[in-house]
Structure formats: C-alpha cells, structure tokens
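> return a 3D structure for these sequence lines:
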Amino acid sequence: MDLHGKRIILASNSPRRRELLAGLNIDFEIDTGNDFNESIETGIPFDEIPMRMSQGKSHGFHRPLSEGEILITADTMVILPPGNGWEGEILGKPHDREDAIRMLRDLSGREHHVTTAVTLRSAEREETFTDTTEVWFKQLTDQEITYYVDTYKPFDKAGSYAIQEWIGYAGITRIDGSYFNVVGLPIHRLYEALQRFL
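Next comes the predicted model:
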C-alpha cells in the first residue's frame, strides 16, 4: 500500500494487533502513550461499548496529531448475548485463574460474539467502524478448560482465550465472520478504511 507520505501510528500494546497490521506490508510505529480511563457508564448497550472505548483511546492519546499522521486505536470485546435464561455479559480480561476458568465454562457449548471497534484519526478527520464475528464453542470439559488456562495462561485476553491457540484448535466448532477480528483486528476493514484516509 502506498502511504503517500503518511505516518501510521498504532496505539496498542497487543502483539497480535502489531502482527496483523504488519501483514499489510506497511510501515508503522507503536506509540501507546495515553491518559484514557478505560471505564464506561452503566446502561450503555453492549454493542456500543467497543466503539466508545476505541474512540476514548484515540482522544486520550498523549499529544496532538501532526499533519500527515494517522492514529489507529482499537478495542475488542467478547460478548455473551442475552437469551436462554442469560442476561448477557461482557467478558473482559480475567482477574485470575479462577475467573478465566469461569469465563470458559460460560462460553462452553454456546455462541458468543467478538466485536472489535477501530478508530482512525488524523489532524483533519476521524472514522470509527465495528466488526462482529460469531463464534461457537463445543461443550468443553473441565479438564480441557483447566489444561488450557494452566498451559497458556490467557490472563491478558478478553474472554480468557485466543482463537489461534490450543483452545481454538480443539474447542471452536464454527465461526461466522472474520477470523482476524477474533484475533484482535478486522484487518480487511482496516485496509479499506486506510485507503480512504490516504
């Protein structure tokens, strides 16, 4: 992709997002300086929260953007939709081993949604989009869950799992939507958005 002299900044600590953006064969730099408080008021619909978080991270960037810079921020959430007696729940990063096990038990045998919001911002304009993938887990045994948690320690991952790790190979039976979105960045949508910014 010809960047037309633009400077791309990825404001993310996620190694997965870095790998995905690098897959577009573009030059970019990492700058994670930010003063955004990642909290959201109650009552916001689940599917709006990633968008607000991504925008908050963008506007919480530690300095004004210069001409020719494009800042990329993103937020991914695992959402258990309401239904069948469930009220619905957002599964963030687990607090500890027990919380990770609880989340995977909740995901076991069920469908859930992975929604990523991405914000692109320059000194002149801003655009935010979201992408959602539906994911189905088989009925996981407690042995499978504890093996995964103890071996891979998914404590930095929303929903306590990474699709590209053992649990994805052994436990995910179907996805509807972008695989890369579940990894952490809907890279096909980001490619299209970057072309509009250049």
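
> residue 190 sits in which helix or strand?
Element membership of residue 190 [criterion: DSSP states H and E] is helix 187-197.

> and that helix, what does it pack against?
Under the contact criterion of 3 or more C-beta pairs under 8 Å, 6 or more residues apart in numbering; DSSP states H and E, helix 187-197 touches helix 15-22, strand 69-80, strand 111-121, strand 126-137. Bear in mind the C-beta positions are built from the backbone N, C-alpha and C, glycine included.

> can you tell me what sits against it?
Here helix 187-197 makes contact (C-beta atoms under 8 Å, 6 or more residues apart in numbering) with 1, 6, 8, 20-21, 23-24, 26, 70, 72, 118, 120, 122, 125, 127, 129, 131, 178, 180.

> tell me the buried residues in it?
Using 16 or more other C-beta atoms under 10 Å as the test for burial, helix 187-197 gives 187, 189-190, 193-194, 197.

> show me which of those is closest to residue 65.
Distance ranking of these against residue 65, using C-beta to C-beta, places residue 197 first at 12.0 Å.

> contacting residues for the closest residue to residue 14 other than its chain neighbours?
Among residues not flanking residue 14 along the chain, residue 184 sits closest, at 5.6 Å (C-beta to C-beta, 6 or more residues apart in numbering). Residue 184 makes contact with 14, 16-17, 20, 74, 76, 116 under the criterion C-beta under 8 Å, 6+ apart.

> could you redo the last one with a cut-off of 7 Å?
Residue 184 makes contact with 14, 16-17, 20, 76, 116, according to C-beta atoms under 7 Å, 6 or more residues apart in numbering.

> got TSV for those residues, with distance to residue 43 and neighbour count too?
As requested, the contacts of residue 184 are exported to TSV (distance: C-beta to C-beta, whole Å; neighbours: other C-beta atoms under 10 Å):
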residue	distance to residue 43	neighbour count
14	28	18
16	31	17
17	29	24
20	32	20
76	22	26
116	22	28
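
> let's have these in a markdown table, adding distance to residue 138 and pLDDT.
Formatted as a markdown table, these follow (distance: C-beta to C-beta, whole Å; pLDDT from 0 to 100):
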| residue | distance to residue 138 | pLDDT |
| --- | --- | --- |
| 14 | 27 | 91 |
| 16 | 23 | 92 |
| 17 | 27 | 96 |
| 20 | 26 | 96 |
| 76 | 22 | 92 |
| 116 | 24 | 95 |
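
> turn those residues into JSON lines, columns for distance to residue 103.
Shown next, in JSON lines, are the contacts of residue 184 (distance: C-beta to C-beta, whole Å):
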{"residue": "14", "distance to residue 103": "19"}
{"residue": "16", "distance to residue 103": "18"}
{"residue": "17", "distance to residue 103": "21"}
{"residue": "20", "distance to residue 103": "23"}
{"residue": "76", "distance to residue 103": "14"}
{"residue": "116", "distance to residue 103": "18"}
